[in-house]
Every structure is written in structure tokens, then in C-alpha cells.
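**Student:** attaching a predicted model along with its sequence, questions to come.
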Amino acid sequence: MVRSRFLARLARLRERFDDGGQDGLLVSDPANVRYLTGFSGSFCRLVIGPVGVFLVTDRRYAESAPEEPPVYDLVVASGARYLEAEREAILLSGARRMGFEPGAISWWEVRALEACIPRRARLVAAGGQVEELRRIKDDLEIEAIRFAVAATERALAHVLDEAEPGMEERELAAILAADLRRHGEGPPAFEPLLATGPRTAIVHARPTSRRIEAGDLLLVDAGATVSGMAADMCRTIVVGADADLLQGRAFDIVREALDAAIAAIRPGDPARQVEDAARRVLEGYGYPLRHDTGHGVGLDVHESPRLARDSTDVLAPGMVLAIEPGLYVAGWGGVRLEELVLVTAEASCRLTRLKVSPTLTTG
Ligand code: ZN
Ligand code: ZN
């Protein structure tokens, strides 16, 4: 069953090879390799051609036998032999115009391959083909994301509950990191962001030794993984006190922007309208949009589609989107909320559920 899933993905990928005569793809992005084969080693090249599919990797992975016959022939090589093995695989795959992923391979490697493959085979830049397939999640992927969300929510609920004045940001971050591992499967989807007080105005704040004071904002943005699929969500609360007037107002505005953005999700519509909806709310209150409103989530925590003003992506059922408007004032702080939603045939449904204590906000 798993095997048939990967064979179907390979078949769909082959349909995407363009009319320019591309008949193969050298896949070097690890998430793309995992998507197409289930192989999750850190170093690998997948060579797909008209007559064969080869996975070139090093000795560490030689014995990790899959439960089912894999969809590729394994080629194990290391050190200086690696490039040679890659070249062999390209020739055996039968491809004459082999695409490569320009964003996931070094200039050196492409030049070295070009120099050693015979003239009848050529390398052509062909990025984004697997990423396009990955945008639409199947039922198993959505299920894995749901589990990753559940793990993230347990971790977030715990850390928000533990937070109290006097603690250092990095103490909380350590609890969070342990929880994401304990409840998820494998490493977190990304290095969690955690900030308190005025530091919450920094969009990508890493935890420091700053001690939390009563009445501080606490912003936590994190995601666990399950079966390689990521979650990504953010909550902001006030620690050790009720929200003051400004904080309460900021929560209300961000929540309004979030609801507007989610309400704007409709399959068939341009992704940028989701950002437009959030921006209209924030700018209506005099606050700029400081970062994209959202992004796709899957094997990578940031993947296609982009929910941004200049995005040309179109929404479709099966996409899983992170929606994350925020309001930031330097020297005061920031409030960001992030939810994961699944685009459905009609609109969307939320995958994240965690509610933070309403007594902490005016909402
Ligand atoms: Zn996030
Ligand atoms: Zn995000």
C-alpha cells in the first residue's frame, strides 16, 4: 500500500516533465526524496529516468532495509566514489535530458556531473516540480499533521501553564523543546521561537536569559513533527496578570485579522487574497503587516503555497496552510497568533484548537 503511494507520486511527477524534452529528474532536496520514496536519510540523490529509478546514498543507510520493496534501486557509495555513482545512475536511468533542482544542489556538483556524463545526456534546470505535487496533501499526510498539531498543542499548553514571573526565557524554551520531542516523533519542525516583554516585537526572537516580569507578553511559536510532517502554531499570552488595555486591544486586532484571513480562504481563489484580508484589518487600525500572512506546511515547515502580496499561487483543496498575522510595536512588544487550516472543497477547516485562557485577554 505504501509502495503504491510512492509509485503513484512518481507517475504524477513524470507527467509534469515539460514539453522541452525533459525525461528525468535528479532530486537533491531531502524532503522531495522523502516524498517520492519514503527514504529519510540526510544525504542522498534520487535519480529518476525513463527506464530506472536509483537512490544514491552513503554506507550509513546501506542496511536500513524498508519493510516493502522500495521504488528505487539502491546505490551505496561514499567519499570520492559518490560523484561516480551518481553519474552511473544517471546513465542507467536512460534519461537524455535530466532535470536538476537548482535550489538544492551546489554549482560545483552540477558542473562536475556535466563534465563526466557523456554528451548524449544533458542536465537542465527544473526546480519546483516535486514541490508543486507536495502542496496537495493526501489523507495519510493530513492525519500525520493532525497528530503533529496534537503534540504541539500539548507542548504549548504545558509551557504556557508553567510560565511565571522570575523564570528565564531559556528555562521555558527547554521545557518546550523537551515536550515537542516527547509528544512528537523526531526533532521539532524548527527551532522554536520564544520571547517575552518588549522582545516579543522581534519577529524571529530566540530565547535569552531575560527574566519574565508580571504583566509581560509571552510569545511562543513552535511545531512538532510526526512521520516527517510538521505543525506550526503560535500563541501569545500575558504572564502573571490580566491583559492591560493596550495588550487586550492588540489581541483583539490580531484575532480579527486572523479570522478575516481564514474567512478569505476559498479553493480556486488566489492565495494573495488571504494576505489582503489580514492586511486590511491591520492597516485599518494603523499597523503594518511586518511579514507574510502565511505559508503551506508539510514535510517542510515553510513550503508552497505562499500567502503573500506577490504570490501567484492558487488555493486548492488538500492544501494545509499556516495563517499567522501579528502586530508588533518596537519597545512595547508584539502579539502573533498562528493557526493551521486545511483547504476543503468549499472553504477551510481549522486543524489547531488550543485556546489560551480568556481571562488573560479582553476578548
Ligand atoms: Zn510559526
Ligand atoms: Zn508559520
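**Tutor:** On my side now, so go ahead. Numbering: from 1, shown residues only. Ligands and ions are numbered 1, 2, ... in the order given.

**Student:** got phi/psi on the closest residue to ligand 1 within the stretch 51-200 of the chain?
**Tutor:** Distance from ligand 1 to each residue of the stretch 51-200 of the chain (CB to the ion) is smallest for Leu193, at 7.0 Å. Quick note: C-beta positions are derived from backbone N, CA and C, even for glycine. Taking degrees, to the nearest 10, you get phi -100, psi 130 for the backbone angles of Leu193.

**Student:** that one reaches Val220, doesn't it?
**Tutor:** Yes: applying CB atoms under 8 Å as the test, Leu193 and Val220 come out as touching, 7.2 Å apart.

**Student:** what residues do the two have in common as contacts?
**Tutor:** Cys234 (CB atoms under 8 Å, 6 or more residues apart in numbering).

**Student:** before we move on, back to that, what's the residue of the stretch 51-200 of the chain closest to ligand 1 in contact with, if anything?
**Tutor:** Each residue near Leu193 by CB under 8 Å, 6+ apart is listed here: 204-206, 219-222, 234.

**Student:** where do the helices of the chain begin and end?
**Tutor:** For the chain, the helices defined by DSSP state H cover 2-16, 30-37, 81-92, 107-116, 129-134, 139-162, 169-183, 245-263, 272-284.

**Student:** packing partners of the shortest one?
**Tutor:** For helix 129-134, the packing partners by 3 or more CB pairs under 8 Å, 6 or more residues apart in numbering; DSSP states H and E come out as helix 2-16, strand 24-27, helix 30-37, strand 303-307.

**Student:** got the buried residues for the longest one?
**Tutor:** Read that as helix 2-16. Within helix 2-16, the residues scored as buried using 16 or more other CB atoms under 10 Å are 6, 9-10, 13-14.

**Student:** got the angle for it vs helix 30-37?
**Tutor:** Orientation check (axes from the mean of the first three to the mean of the last three CA atoms, to 10 degrees): helix 2-16 against helix 30-37 gives 110 degrees.

**Student:** what mean pLDDT does helix 2-16 get?
**Tutor:** Along helix 2-16, the predicted local confidence has a mean pLDDT of 93.

**Student:** what does that helix rub up against?
**Tutor:** Residues lying outside helix 2-16 but in contact with it, judged by CB under 8 Å, 6+ apart, are 25, 35-38, 48, 53, 67-71, 129-130, 132-133, 138, 140.

**Student:** likewise the shortest one?
**Tutor:** Outside strand 24-27, the residues within contact range by CB under 8 Å, 6+ apart are 13, 17, 33, 36, 45-50, 86, 90, 93-101, 105, 113, 123, 126, 129-130.

**Student:** returning to what we had before: of the helices and strands packed on helix 129-134, which is nearest ligand 2?
**Tutor:** Closest approach to ligand 2 among the helices and strands packed on helix 129-134 (CB to the ion): strand 303-307, 9.9 Å.

**Student:** check whether that closest one comes near ligand 2.
**Tutor:** No: Strand 303-307 stays out of contact with ligand 2 when judged by CB under 5 Å from the ion, the minimum separation being 9.9 Å.

**Student:** and that strand, which strands flank it?
**Tutor:** Strand pairing for strand 303-307, determined by DSSP bridges: strand 294-296 (antiparallel).

**Student:** what is the mean pLDDT for the strand it pairs with?
**Tutor:** Rounded to a whole number, the mean pLDDT of strand 294-296 is 97.

**Student:** which stretches of the stretch 251-363 of the chain have low pLDDT?
**Tutor:** Regions of the stretch 251-363 of the chain meeting the criterion pLDDT under 70 cover residues 357-363.

**Student:** mind telling me which residue of it is nearest ligand 2?
**Tutor:** Of all residues in the stretch 251-363 of the chain, Ala322 sits closest to ligand 2, at 4.0 Å by CB to the ion.
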